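Colleague: missing the sequence, but the structure's below:
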């Protein structure tokens, strides 16, 4: 109960500096939300959108945030010597 109180107080303190024009972080969050929501709504329908949205959005943001600069190539030119001698 004590931690919930601190969480509510900290959220109120953070949200007290509201602006009429959203900042960059809020704009990025809204664009990401709308992108995933539109994509999921077009493929799963409105009922599927409501059911699967939290999972799909969490996976999308996890991949988008934690792996932005990774090289996703297969590195086929780095075949170990044991496999290339066959």
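Modeller: Arrived safely. None of the values given here were measured: they were computed from a predicted structure.

Colleague: scan this protein for its longest helix.
Modeller: For the chain, the longest helix by residue count, based on DSSP state H, is helix 24-66.

Colleague: and that one, average pLDDT?
Modeller: On average, the pLDDT along helix 24-66 is 85.

Colleague: okay, now the spatially closest residue to residue 61 that is not a sequence neighbour: neighbour count?
Modeller: Spatially, and ignoring its direct neighbours in sequence, residue 61 is nearest to residue 32 (6.7 Å; CB to CB, 6 or more residues apart in numbering). Every C-beta, even on glycine, is put in place using the N, C-alpha and C of the backbone. Using other CB atoms under 10 Å, residue 32 has 15 other residues around it.

Colleague: wait, residue 32 sits on residue 62?
Modeller: No. Taking CB atoms under 8 Å as the definition, residue 32 is not a contact partner of residue 62, at 11.8 Å.

Colleague: about what we covered before: ok, the residue nearest to residue 61 to residue 47 distance?
Modeller: To residue 47, residue 32 is 22 Å away according to CB to CB, to the nearest Å.

Colleague: also residue 30?
Modeller: Separation of residue 30 from residue 47 (CB to CB): 24 Å.
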